[in-house]
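J.: One predicted model, sequence on top.
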Amino acid sequence: MAKDLAKIAKENGIKYFLISFVDLFGVLRSKLVPARAIGDMQKDGAGFAGFAAWLDMTPAHPDMFAIPDPDSLIQLPWKPEVGWLAGDLWMAGKEVEASPRVALKNQIARAAKDGYYMKSGVECEYFLISADGTQIHDQADIQEKPCYDQSALMRRYDLITEICDSMIQLGWGPYQNDHEDANGQFEMNWDYDDCLLTADRHTFFKYMVKALAEKHGLRATFMPKPFAHLTGNGCHAHVSLWDKSGKKNLFHGKSDEMGLSNLAYDFLGGIVHSAPALTAIFNPTVNSYKRINAPRTLSGATWSPNAVSYGGNNRTHMIRIPDPGRFELRLMDGAANPYLMQAGVLAAGLDGIENKRDPGKRLDINMYEEGHKAKGLKKLPLNLLDAIRLFDKDKVLRAGLGDELVDSYVKLKGQEWNAYCRSISQWERDHTLDC
């Protein structure tokens, strides 16, 4: 046992542990375990009924256990007597393949066989809204172009700095906080790292922001498009592939105009090839498709992609190359599952390397103004159902993520789509009551 959680609890004053897992819909599930029992939990796991979460299981399935990863331990800065742990799901002596963290670890192991190690960072955008979710909380935040608005940022100083101070205390290396492009919207950035560590931190960040917002009498949401007239919540991912030591960036190419290696272009080709199917996990909700291909917002742009394209330091493309040796993937939104998101990137990228997929030529145009001039570009699906169908049929992602995960995800998301279709919206009432 590399780390003894019982010993760590005594040394650090931890009274309780949250043993957590993220289900296929991105919901964070936990059990609160007293420190006196953590030794047994570290060995055997915390028990759950899989059917009670968004996993493809029935009430007849045996107990499912979340085995906590001691390396994921985060002591809550605002409640230090509690330690948070990410768990890997097991059932009947085997890992649950159709579970997000296990899926990511499988992709990491696949990459490691070829000597690759992915590092990533995420840009998590969120809104601070009213308790009922109908409007932004700060009624003075009304600028047409509110991005980087110092006054609106400083009105939320107490909350923003408590979140940032927490990340500093945890050693995440936060380096900037800003008011984003929509009224009431914020973004906070921290250092990139190993993709599993980033996924764990991403998961905890969403919980932390919501918890600290409630502490300050506010409500935070990562919903992709909570307001039709405002820019949506993205979750851009910056990725690079390194050697096993983690010291050499294999995406860096000295002779290339953009500073990319041949390996990087192959990886990029895999992302481009699988992008339409990847939307099912990068943009996993009905609401996600109100952000993609959205009309121009109050600020003048949506900042979200409308086709599968890549460019240099150009934010109108689905993939941006901001610096040598890395990509910024701009398709993901705030609802993306932190683990499936990283797993999908790795699965597609590794396929690109294995099959030397060509990403095509870089485009140096404004896609929002001139996208119609680019011929032959793949289009992104316009709704969740189309995305699910593409994901279901995609041989690359099935081979990478496994039939069990793909089938389970497609089944549950199909049920979600059907539930949405059974609902009657106000728009329908407004436009068809008198037809």
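T.: In hand now; what should we look at? Numbers count the residues shown, from 1 in each chain.
J.: Checking R110 next. Helix, strand or coil?
T.: helix (DSSP: H, G, I helix; E, B strand; the rest coil).
J.: I would like the residues contacting stretch 414-431, please.
T.: Contacts with stretch 414-431, where a contact means Cβ atoms under 8 Å, 6 or more residues apart in numbering, come from 25, 286, 384-385, 388. Bear in mind the C-beta positions are built from the backbone N, C-alpha and C, glycine included.
J.: just the residues you listed now: which is nearest A182?
T.: V286 (19.8 Å; Cβ to Cβ).
J.: Let me see the confidence value for the closest one.
T.: Looking at V286, its pLDDT is 97.
J.: Looks like it contacts L384 (just checking).
T.: Yes. V286 is within contact range of L384, at 5.1 Å (criterion: Cβ atoms under 8 Å).
J.: Would you mind telling me which of those two has more residues around it?
T.: L384 (22 against 19; other Cβ atoms under 10 Å).
J.: For that one, list the residues it contacts.
T.: Contacts of L384 by Cβ under 8 Å, 6+ apart are 280, 283-286, 288-289, 413, 416-417, 420.
J.: Please determine how far it is located from K248.
T.: According to Cβ to Cβ, to the nearest Å, L384 and K248 sit 40 Å apart.
J.: for the stretch 301-435 of the chain, what spans make up the strands?
T.: For the stretch 301-435 of the chain, the strands defined by DSSP state E, counting those that start in this stretch cover 310-311, 319-320, 327-329.
J.: Can you check which of the ones you listed gets nearest to N366?
T.: Here strand 310-311 is closest among those (Cβ to Cβ), at 9.4 Å.
J.: quick one: average confidence on that closest one?
T.: Here the average pLDDT along strand 310-311 is 96.
J.: Pipe the contacts of stretch 414-431 into JSON lines and attach distance to M64 per row.
T.: What follows is these, written out as JSON lines (distance: Cβ to Cβ, whole Å):
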{"residue": "F25", "distance to M64": "16"}
{"residue": "V286", "distance to M64": "28"}
{"residue": "L384", "distance to M64": "27"}
{"residue": "L385", "distance to M64": "29"}
{"residue": "I388", "distance to M64": "24"}
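J.: Need the max-distance pair from those residues.
T.: F25 and L385 (16.1 Å).
J.: So which residues of the stretch 151-300 of the chain form strands?
T.: Using DSSP E, counting those that start in this stretch, strands in the stretch 151-300 of the chain cover 174-179, 185-190, 193-194, 219-221, 235-242.
J.: In contact with K31, which residues?
T.: Counted by Cβ under 8 Å, 6+ apart, K31 has contacts 18-19, 46-48, 66.
J.: Could I have the buried ones of those residues as ChimeraX selection syntax?
T.: Remark: buried members of the contacts of K31, expressed as a ChimeraX selection using 16 or more other Cβ atoms under 10 Å:
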select :18,19,46,48,66
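J.: how about the contacts of K31, which pair is most distant?
T.: L18 and G47 (14.8 Å).
J.: related to what we said a few turns ago, can you redo the contacts of K31 as TSV with distance to E214?
T.: Shown next, in TSV, are the contacts of K31 (distance: Cβ to Cβ, whole Å):
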residue	distance to E214
L18	16
I19	22
A46	25
G47	28
F48	25
A66	25
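J.: just curious, which of the contacts of K31 is nearest to A199?
T.: Distances from A199 to these, taken by Cβ to Cβ, are shortest for A66, at 15.5 Å.
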